[in-house]
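> Quick one, structure for this:
(2 chains)
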There are 2 protein chains.
Amino acid sequence: MTHSTADSQPLLPSADACPLPDTASLLADRYGAGQEQEVPDHPFIRQILQHRSVRAFQPRALPEHTLETLVAAAQSGSSSSNLQVWSVLAVQDEAHKNQLAVWANNQDFVRQAPLFLVWLADLSRVRLLAAAQGVELDGTDYLESLVLASVDTAIAAQNAVLAAESLGLGAVYVGAIRSHIRPIAESLQLPPYVFPVFGTAIGYPSDSVTTHIRPRLPQAAVLHRETYDAQAQPEAAASYNQALDAFWKKQGIDHPLWTQHLLTRLGNVASRGDARYELREILTELSFPLR
Amino acid sequence: MTHSTADSQPLLPSADACPLPDTASLLADRYGAGQEQEVPDHPFIRQILQHRSVRAFQPRALPEHTLETLVAAAQSGSSSSNLQVWSVLAVQDEAHKNQLAVWANNQDFVRQAPLFLVWLADLSRVRLLAAAQGVELDGTDYLESLVLASVDTAIAAQNAVLAAESLGLGAVYVGAIRSHIRPIAESLQLPPYVFPVFGTAIGYPSDSVTTHIRPRLPQAAVLHRETYDAQAQPEAAASYNQALDAFWKKQGIDHPLWTQHLLTRLGNVASRGDARYELREILTELSFPLR
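As a prediction, the model looks like this:
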């Protein structure tokens, strides 16, 4: 297998070289003009607010130590009871990345990106270490532990994504790998009790594709106080349909309304033959009893 | 209900007022001396690496707009297919927080913190909006969607936690709420298809309790290249047992070895009567068919 090699580019663009817009501007993009929230103008907050998924990458190799930096960031995230029940698998080999791109719904950016990370909810390690002490853990066999491990995996991955973005790299989550868990688990030689939750493609953003901050629902839709309140949803969704429609139109992209998109994405899935809706059976095959 | 009111403290400590240690020092704390990785010294990376959970808070109220800032950060995280299937519920009422503290294994910091956030995997909103169009979604009924929503909830929460930390606040994840989902779902008036995944307590860290960066497993344990390789685990765990033991001893805390802790936490759970191991039944009660 061949690996990408580091080039001699400096790792860190200086803060002045690529300043981030102020939070007012970032929030106007995030919520639509007139919907902005009062948010302090702090460099770290700007960095978080400026996120946009990057789906086109330069062929350029990553600087030395990028992978170790992303893993250190990931491991610095919270871990439930310090169990550390996740792993990350780095795919850099070209042929291997090509194969994974096919399994990630044939998305070209998985091929382009110099680094594809597969994030694993990993209950195998703790079982292995317990077995060495003569104990078979039963805690790993419950849906609870799958949720716990998936959450901790996501916390770790988000730290890595933010670290990558702060270094001038782009990233995108790839949930589509859940449509092909069976061949992926085999190809990555995953042991029992390891669940590939999602991937992240990481690299330098392409110069020829402009990325934009995508609007999100108004805060009234996602923020509840003291008790859950669904009353705001219809109005928030109507307002969001408009904001997102304006976002697509501005780019000349023809896109259904968001509330219509929900039906396309989550309606009538049973007939689709998408293996992500066989996750329960697949996890059983990967040895998770899911009690 | 009474809410904490904002005080007149400035929101942003200046960067110079509380400088973060350099990455070399942070990594020595994270991996143990001699185990450090090569990581660039970038302010945002420092901010991520310096994470430690805060479990003791000042009674001090949060500055104005803190909640909106955390929600804006949360919403800026990636969302699978832009479905936005999460919500966050802010608990600031004292009596309500006291009640939740009891359900979070009676942990005092939930009472102390001016803000307790309950993070919700929320498949209710999309169902509601589809129902308004006369469509009953079936995609929400699969384990796949529970995993997708839990992952997106965690990505959002981690953005909020990092935003809080960058503003000089402290935070801790509270998975213990999963031991009391039934009363919590009732108390928060959660509709069907809403799963309270975890909480986060947020506030100014207590001056009288020093927090430390907790060591993590060596990177060799969690990072795999091209294929999964378990060979490094025994040695990595042995080395980690030592590093973590030194960490606890330095603080004068008597703590079992990490590999022993795994058995305590994940062994013999069936006999424990902890409702988190009834998650599958509870989610069925919350209407998730988990197909």
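> Contacts only, for the residue nearest the centre of chain A.
Relative to the mean C-alpha position of chain A, the nearest C-alpha, by CA atoms, centre = their mean, is the one of A:Y173, at 3.0 Å. Going by CB atoms under 8 Å, 6 or more residues apart in numbering or on different chains, A:Y173 touches A:S53, A:A157, A:V161, A:F198, A:G199, A:T200, B:S78, B:S80, B:I155. Heads up, the C-betas are built off the backbone N, CA and C, glycines and all.
> and which of these is nearest A:E278?
Nearest to A:E278 among the contacts of A:Y173: A:F198, at 16.7 Å, using CB to CB.
> Quick check, that closest one in contact with B:D152.
No: shown here, A:F198 and B:D152 do not form a contact pair, counting by CB atoms under 8 Å, at 10.0 Å.
> Which neighbours do the two have in common?
Counting by CB under 8 Å, 6+ apart, the shared contacts of A:F198 and B:D152 are A:A154.
> just checking, next helix/strand downstream of the lengthiest helix in chain A?
If you go by DSSP state H, chain A has its longest helix at helix A:143-166. Next helix or strand after helix A:143-166 toward the C-terminus (DSSP states H and E): strand A:170-174.
> Partner strands of that following strand, with direction?
Based on DSSP bridges, the pairing partners of strand A:170-174 within the sheet are strand A:194-203 (antiparallel).
> Now do whatever helix or strand comes next after the strand it pairs with: everything it contacts.
Scanning the chain past strand A:194-203 towards its C-terminal end, the next helix or strand to appear is helix A:219-222 (assignment: DSSP H and E). By CB under 8 Å, 6+ apart, the list of residues contacting helix A:219-222 from outside reads A:31, A:37, A:232-233, A:235-237, A:240, B:68, B:71-72, B:74-75, B:84, B:86-88, B:122, B:125.
> Could I get the average pLDDT for helix A:219-222?
In this model, helix A:219-222 has a mean pLDDT of 97.
> what's the answer for stretch A:111-118, then?
The average pLDDT within stretch A:111-118 is 98.
> Quick one: low-confidence residue ranges for chain A.
Residue ranges of chain A with pLDDT under 70: A:1-19.
> now with 50?
Within chain A, the stretches falling below the threshold (pLDDT under 50) are A:1-17.
> Do a quick rundown of the helices in it.
According to DSSP H, chain A carries its helices in the segments A:23-31, A:43-49, A:66-75, A:94-103, A:108-112, A:124-131, A:143-166, A:181-187, A:219-222, A:233-250, A:258-266, A:279-285.
> Any idea how far the first one is from the middle of the chain?
Shown here is helix A:23-31, whose average C-alpha point lies 22 Å from the average C-alpha point of the whole chain (CA atoms, centre = their mean, to the nearest Å).
> now check that helix, is it near chain B?
Yes: if you take CB under 8 Å from any CB of the partner chain as the test, helix A:23-31 does meet chain B, through A:L27, A:R30, A:Y31.
> tilt between that helix and helix B:66-75?
Here helix A:23-31 runs at an angle of 60 degrees relative to helix B:66-75 (axes from the mean of the first three to the mean of the last three CA atoms, to 10 degrees).
> A:L263 contacts B:L137, correct?
Yes: with contact defined as CB under 8 Å, A:L263 counts as touching B:L137 (7.2 Å).
> more crowded one of the two?
Neighbour tally, A:L263 and B:L137, criterion other CB atoms under 10 Å in any protein chain shown: the higher count belongs to B:L137, 22 against 19.
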